[in-house]
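Participant: heads up, no residue letters with this:
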């Protein structure tokens with residue numbers, strides 16, 4: 001008849017990424033194309049013990065600089081002689097001089113393989129304040145931030161093509177001397193805003209990705225590393241893998257959810273990949289390398 005009432009069903013409003021199919025990055029998706037901010041995660045204890053290597057050695061026979069005793073990047077005040085004219089011992093900080101940082105230019109539940117050390121949340125409020133990402137004048141550089149200190153820009157020659165595939169990243173971690181909760185790591189982001197937050201921008205990735213595939217190795221054999229994406233969550237978005245000293249391919253699953261609404265603006269993914277470590281297995285320091293990071297559909 002013509003007198004029936006209008007339907008009262010819910011109207012489903014498409015998300016930004018659903019409404020803008022042309023904005024979706026196709027699978028497999030190389031995160032280095034868009035996620036150029038390598039945001040360093042540390043807490044107040046571990047700042048300075050985890051570093052991003054500016055020039056990674058991704059060769060089959062890498063050279064890893066030796067670690068020296070870490071002083072978290074600070075030098076003790078020089079020893080004085082109480083006001084006399086004796087010579088001041090400028091090295092009285094136990095050797096924590098410029099050579100300490102020679103290696104610079106180099107996710108898990110309590111029951112996991114890292115000795116049961118519980119993780120602090122990846123985006124815990126103890127993260128240092130963040131600055132706006134440093135730019136390199138418009139090139140497609142990888143911007144490395146450290147949560148509020150001076151950023152380091154690693155340039156790719158000024159081209160707009162992005163890093164040459166496979167994009168490789170190297171990190172050094174030496175927790176010796178660190179006390180308290182000394183977890184550390186990085187999150188690959190679009191902007192240097194630890195999120196999700198209103199200012200966290202994302203990237204639309206074609207729905208259906210089931211895993212993040214990547215290659216990894218370490219300078220120390222069989223060390224546990226927590227890899228993940230989207231956000232913290234042991235066993236759901238972050239997974240602990242023991243990596244070896246030779247390159248090997250690994251995968252971690254992407255949660256079965258609408259990942260394209262995880263950024264603060266609900267316009268895509270804010271965290272494409274993360275690497276987090278605990279100090280238990282890293283006495284004496286170690287280097288960790290990852291490359292060729294891709295979102296895939298199995």
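Facilitator: Arrived safely. Here the structure is a predicted model, which is why all the values come from computation and not from measurement.

Participant: okay, helices next: where are they in the chain?
Facilitator: For the chain, the helices defined by DSSP state H occupy 16-19.

Participant: just checking, residue 267 touches residue 200?
Facilitator: No: contact criterion C-beta atoms under 8 Å: residue 267 and residue 200 do not qualify, at 9.7 Å. C-beta here means a position set from N, CA and C on the backbone, and glycine is covered the same way.

Participant: so where's the stretch 1-150 of the chain uncertain?
Facilitator: For the stretch 1-150 of the chain, the stretches with pLDDT under 70 are 1-9, 44, 69-150.

Participant: can we see that at 90?
Facilitator: 1-12, 41-48, 68-150 (pLDDT under 90).

Participant: for residue 27, see how far away residue 64 is.
Facilitator: 34 Å (C-beta to C-beta, to the nearest Å).

Participant: compare the two (neighbour count), which wins?
Facilitator: residue 64 (18 against 15; other C-beta atoms under 10 Å).

Participant: right, and that one touches residue 220 too?
Facilitator: No: taking contacts as C-beta under 8 Å, residue 64 lies outside contact range of residue 220: 9.4 Å.

Participant: intersection of neighbour lists for those two?
Facilitator: Residues touching both residue 64 and residue 220 (C-beta atoms under 8 Å, 6 or more residues apart in numbering): residue 287.

Participant: tell me how far residue 62 lies from residue 287.
Facilitator: Counting by C-beta to C-beta - residue 62 and residue 287 are separated by 8 Å.

Participant: where do the contact lists of the two overlap?
Facilitator: Common contacts of residue 62 and residue 287 (C-beta under 8 Å, 6+ apart): residue 219.

Participant: so which of the two has more stuff around it?
Facilitator: Neighbours were tallied for residue 62 and for residue 287 using other C-beta under 10 Å; the higher tally belongs to residue 287 (24 against 15).
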